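Colleague: below: sequence and its predicted model.
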Protein chains: 2
Amino acid sequence: MEVIGVKVEKPIGIGENLAEALIRALEDSGIEIRDGDIIAVTSKVVSYSQGRLVRLSDVKPSAKAVEMALKYDLTPEIAELVIREADEIVGGVKRYILTIRNGVVLGNAGVDKSNAPYGMVVLPPANPEAVAHTLRHEIYEKVGVKTGVLIVDSRIEPLRRGTVGVALAVAGFEPLSDERGKPDIYGKPLLVTRRALADMLASAAELYFGERDELTPFVLIRGAPIRRTDRWIHSSVMFIPREECIFFGSMKHEDDAEDNG
Amino acid sequence: MEVIGVKVEKPIGIGENLAEALIRALEDSGIEIRDGDIIAVTSKVVSYSQGRLVRLSDVKPSAKAVEMALKYDLTPEIAELVIREADEIVGGVKRYILTIRNGVVLGNAGVDKSNAPYGMVVLPPANPEAVAHTLRHEIYEKVGVKTGVLIVDSRIEPLRRGTVGVALAVAGFEPLSDERGKPDIYGKPLLVTRRALADMLASAAELYFGERDELTPFVLIRGAPIRRTDRWIHSSVMFIPREECIFFGSMKHEDDAEDNG
């Protein structure tokens, strides 16, 4: 498998078409895209292409946001945006509110000041699933190759220092391998193993996105051990219900614990 | 970056030397190892090389193990081994006990029936940090190249279906990048971002290890965006204290909640 960062000459602008930006960046880099390549896109530029930026001085914090800002050491405006973007608030630590958004556990619901103009923040992308499938379709329309597309955000891991990649959405390939019933080296069937291929590819790509001024919004992955498909991949296939989750199933929410106390 | 699975002709045997097995596998595959390459090794073959296998009929479960086996739907022998290997038991769901071992959150403390002979289980490797540094040294002694070494286990992620890779230990390269204070695209300094390079490389490698009969115990990663070092890397630099962890800091343990109730 090859993992190749694709640089752009200037940052993706607000409202810019991603397929056009990608194809221009590939041409500038002298990289020819091929059938079966996976194009990974950092969620930040998806947000830019959707115009998902907000000026903090335009945000009016609610009373709940002021309370959360004090609790987690954030500005009330950021706390307000986190409340708006999160489907659920699970808890938090200093400077981070732990949220669930579109089924994915994210710090601060993906609301991010980094790589936003001064006084603004970038909101997480809207409907990454549709973005992935649309981008795949547009690449096919423009250059006639069938690629996979992977929308990547960065996330934290339990008890680990630093961020890794997570797949917000995929198109054109199966995001999971299902090993149940297949043999191990002794021929015994495996019982419970699925592998999060899309998340592992997201981490391989995230090595190249960086978090700062690298100007690498796309990563091309060639020869990945995945199975191609034309079916619509719903992001929800990558989620598990909370009661099956070893973390959420094992632990109580802060709020539950307060209720118990 | 290139990610290349390195196959062996037969499984790594109990007590086998990993450096010798690796060099033979590289020769058989016609792959020349180079200065700066990273060799990722799946934790399972580290356990085999250390003879860390146990016959289940030799395990005498304690009363505590019987109780946990009932609670989490495991056999008492497996529960006993999980209790022995875990530094701490955090909770669990059906068939999985959530544990911490050597600072890493793992299902069932890494005790695993898959790819073990019938009636036996593989225990997690002992002292992966020493294994990584020793293997790096032995590769240098045998073929004169300075590589990185990465010991990889598979792990689950909160609310996600499937497993990804996690770095148990590294040698020869810095496992984290520290972006604090570096500029974003607008020149604003980033405040809190570190990136878990070793975990992301572990996931890239894990795509090739598989969980079954692939006979790919090693993965060669060439041209990864890492910083090389000769200093001893302590695995603990990849951990964060529980109070800083957004998951553990946000949630109460099952046991804490019971104490509160």
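Modeller: Now that the structure is in, tell me what you want to look at.
Colleague: going forward, measure contacts between C-alpha atoms and count neighbours the same way
Modeller: Fine.
Colleague: surely A:Val93 meets A:Tyr72?
Modeller: Yes: between A:Val93 and A:Tyr72 a contact is recorded at 6.0 Å, counting by CA atoms under 8 Å.
Colleague: which one's more surrounded, these two?
Modeller: Shown here are A:Val93 and A:Tyr72; by other CA atoms under 10 Å in any protein chain shown, A:Val93 has more neighbours (19 against 16).
Colleague: now the more buried one: how far from B:Glu243?
Modeller: Separation of A:Val93 from B:Glu243 (CA to CA, to the nearest Å): 8 Å.
Colleague: where does the stretch 51-200 of chain A have low pLDDT?
Modeller: Counting by pLDDT under 70, the stretch 51-200 of chain A has low-confidence residues at A:180-181, A:185, A:188-192.
Colleague: just the strands in it please.
Modeller: Counting by DSSP state E, counting those that start in this stretch, one finds strands in the stretch 51-200 of chain A at the ranges A:53-55, A:88-93, A:96-101, A:104-107, A:120-122, A:148-156, A:163-171, A:177-178, A:194-195.
Colleague: touching chain B at all, the first one?
Modeller: No: when contact is scored as CA under 8 Å from any CA of the partner chain, no part of strand A:53-55 falls within range of chain B; the minimum is 14.3 Å.
Colleague: and the fifth one, by the same measure?
Modeller: No: if you take CA under 8 Å from any CA as the test, strand A:120-122 misses chain B, and the best it gets is 11.3 Å.
Colleague: and that strand, how far out from the chain middle?
Modeller: Remark: strand A:120-122 is offset 17 Å from the chain centroid, using CA atoms, centre = their mean, to the nearest Å.
Colleague: and what of the last one?
Modeller: With CA atoms, centre = their mean as the basis, strand A:194-195 stands 19 Å off its chain's centre.
Colleague: about what we covered before: hey, what's in contact with both of A:Val93 and B:Glu243?
Modeller: Here A:Val93 and B:Glu243 have B:Gly249 as joint contacts, going by CA atoms under 8 Å, 6 or more residues apart in numbering or on different chains.
Colleague: which single helix of chain A contains the most residues?
Modeller: Once chain A is assigned using DSSP state H, the helix that runs over the most residues is helix A:128-143.
Colleague: ok, and what's touching that one?
Modeller: With contact meaning CA under 8 Å, 6+ apart, helix A:128-143 is reached by A:18-19, A:23, A:46, A:145-151, A:168-172, A:232-235.
Colleague: buried sites along it?
Modeller: For helix A:128-143, burial by neighbour count (16 or more other CA atoms under 10 Å in any protein chain shown) applies to A:128-139.
Colleague: closest to A:Glu27 out of those residues?
Modeller: Comparing those against A:Glu27 with CA to CA places A:Ile139 closest, at 13.4 Å.
Colleague: please enumerate the helices of chain A.
Modeller: For chain A, the helices defined by DSSP H cover A:18-29, A:43-49, A:63-72, A:76-85, A:128-143, A:197-209, A:246-250, A:254-260.
Colleague: how about the residue of chain A most remote from its centre, what does it touch?
Modeller: Ranked by distance from the centre of chain A (CA atoms, centre = their mean), the top residue is A:Tyr186, with 37.1 Å. A:Tyr186 is in contact with B:115-118, B:213, counting by CA under 8 Å, 6+ apart.
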